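A.B. asks: mind looking at a prediction? Sequence and model below.
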Amino acid sequence: MSKNIILRIDFSTPVTFSVCVGLLRSMFNWWRQEVNNALPDSIRARIHRITLMPRIFINEDTWELECLDGSRLMFSMNADPYHVREELNRQVPQTLARSAEIIIPENYALLRQINIPSAATSRLRQVIRLQLDRLSPFRGDDVLFDCYPVDIRDTINAGSIDASEKAIEVIIVPKQRVFLIEQMLRNLGIVPRKISLKGTKAHFPPSGLPWTKQTQQLVIAWLSVIIVIAAALTFSPYLSDADINDLKEKVDYLEPEVKRALSYRNEIQKYQLPPKALTANRAAVLDLVLDLTHRLPDTIHLRRLEIKGDHISMNGVTTQPTHLESIFKRSSLLSRTTITYNELKGNFTATAMFRNPQNREH
């Protein structure tokens, strides 16, 4: 089922690095959604199991690991990393081979609600990034942030929002606080993949995302799927019903001709003669082939026949060389026959001339 895709390009928008990154991210998310919809349910479920991540809930003095099977393990923030790792290896060794989602409490973040013009929502992150210094006591480069539009009815100042404005919720988290959590988990062999804020839709990338083996496999798998889908969409012909019916009629018309050609080929193969042997005077060749076919026994196989004017040359293999000369001399079309036989290989070569040269002319 085909889809109509509409692209809107605003040439007045300044092209910056962040804009390009946003476009690539949007394109990748769109491709991922299209590929996910095109896959069978069984494959989609298998991919979901592969990409499913355990979750780690951060509290004030403890952290809790929620495994893929639903079980939970709780550890102290000040516990010895060596003992914690030994406990993880003993109870949930498969967890150390996966990335994890880190869920931090709400008191780790600053929540702000601002109003921006509706036209600015297309460049929401760029607009918020410019206001980070005003929205938090930290420098813009020292924080992680996420932002998204919210329903006007859920905002504190619902009555003061103009119709041409959008309410935006901004979540700001200091990088240093997140980095300490990531460092603690990496010391245990757990790789943070995504950081989420409890009770909100906000999520942040890790401050130091390592290029792990699992990351490589995921990237290679997604790139392979995208390349296959893109190649299929690019090179697959789109035929209408009329085109398909027209091709079917042409195939049906050519089918008898193909069968006739195959029957001719089979007839030639019965004479044990390759098509290249039919050179020069075809009528004479066919007469000679028919004559030899009646005379040659199964023990003599003719491989090549060539006619140049009145001269004829042929070669083949046989298991009864003593009968070669008498068989060729019985032919009403041949004269002056000379035969050379190789006893080691069982090959023979014969030369002759047409007994009646005018046979070449009919």
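C.D. replies: Here it is on my side, so go on.
A.B. asks: where does pLDDT dip in the protein?
C.D. replies: Residue ranges of the chain with pLDDT under 70: 1-22, 48-50, 95-98, 152-163, 208-218, 233-240, 268-285, 356-362.
A.B. asks: center of it, which residue is that?
C.D. replies: When the chain is reduced to its mean C-alpha position, the closest residue under Cα atoms, centre = their mean turns out to be residue 228, at 3.0 Å.
A.B. asks: distance of that one from residue 32?
C.D. replies: Taking Cβ to Cβ, to the nearest Å as the measure, residue 228 falls 14 Å from residue 32. Every residue, glycine included, has its C-beta placed from N, CA and C.
A.B. asks: repeat that for residue 354.
C.D. replies: 77 Å.
A.B. asks: what segments of the protein are strands?
C.D. replies: Taking DSSP state E as the criterion, the chain contains strands spanning 55-58, 62-66, 72-76, 99-104, 110-117, 143-149, 165-174, 191-197, 203-204, 300-308, 311-318, 334-342, 347-354.
A.B. asks: can you map out the helices along the protein?
C.D. replies: 17-38, 41-51, 81-91, 124-130, 132-135, 175-187, 213-235, 241-270, 282-295, 324-329 (DSSP state H).
A.B. asks: reformat these as CSV; add distance to residue 349.
C.D. replies: Formatted as CSV, the helices of the chain follow (distance: least, Cβ to Cβ, whole Å):
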stretch, distance to residue 349
helix 17-38, 64
helix 41-51, 63
helix 81-91, 80
helix 124-130, 85
helix 132-135, 93
helix 175-187, 81
helix 213-235, 52
helix 241-270, 22
helix 282-295, 15
helix 324-329, 10
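A.B. asks: quick one: closest of these to residue 110.
C.D. replies: Ranking the helices of the chain by their distance to residue 110 (criterion: Cβ to Cβ) puts helix 132-135 first, at 7.5 Å.
A.B. asks: buried ones in that closest one?
C.D. replies: Within helix 132-135, the residues that count as buried by 16 or more other Cβ atoms under 10 Å are 132, 135.
A.B. asks: export that helix to PDB, keeping only CA atoms.
C.D. replies: C-alpha atoms of helix 132-135 as PDB (Å, rounded to 0.1, in the frame of the first residue of the first chain):
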ATOM      1  CA  LEU A 132      19.000  28.100  29.400                       C
ATOM      2  CA  ASP A 133      21.200  30.600  31.200                       C
ATOM      3  CA  ARG A 134      18.000  32.500  32.200                       C
ATOM      4  CA  LEU A 135      16.000  29.400  33.200                       C
END
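A.B. asks: make 268 the first number, not 1, from now on.
C.D. replies: New numbering, starting at 268: the last item is helix 399-402.
A.B. asks: follow-up on the earlier one: give me the more crowded residue out of residue 621 and residue 299.
C.D. replies: Taking neighbours as other Cβ atoms under 10 Å, residue 621 and residue 299 compare with residue 621 leading, 21 against 13.
A.B. asks: what's the closest non-adjacent residue to that one?
C.D. replies: Once flanking residues are discounted, residue 621 sits nearest to residue 577: 5.2 Å by Cβ to Cβ, 6 or more residues apart in numbering.
A.B. asks: count the residues that sit near the one you found.
C.D. replies: Residue neighbour count, defined by other Cβ under 10 Å, stands at 16 for residue 577.
A.B. asks: repeat that for residue 556.
C.D. replies: Using other Cβ under 10 Å, residue 556 has 19 neighbouring residues.
A.B. asks: now do the contacts for residue 348.
C.D. replies: 451, 454-455 (Cβ atoms under 8 Å, 6 or more residues apart in numbering).
A.B. asks: wait, which of those residues is closest to residue 337?
C.D. replies: Using Cβ to Cβ, these come closest to residue 337 at residue 455, 20.7 Å.
A.B. asks: for residue 372, see how far away residue 341 is.
C.D. replies: 15 Å.
A.B. asks: could you do residue 387 as well?
C.D. replies: Following Cβ to Cβ, the distance that separates residue 387 from residue 372 is 31 Å.
A.B. asks: do residue 466 as well
C.D. replies: Remark: distance between residue 466 and residue 372 (Cβ to Cβ) = 9 Å.
A.B. asks: who's more crowded, these two?
C.D. replies: The residue with more neighbours, out of residue 466 and residue 372, is residue 372; 13 against 10, by other Cβ under 10 Å.
A.B. asks: need the contact list for the more buried one.
C.D. replies: Going by Cβ under 8 Å, 6+ apart, residue 372 touches 325-327, 465.
A.B. asks: nearest residue to residue 344 other than its sequence neighbours?
C.D. replies: If you skip the residues right next to it in sequence, residue 344 has residue 328 as its closest partner in space, 5.6 Å away by Cβ to Cβ, 6+ apart.
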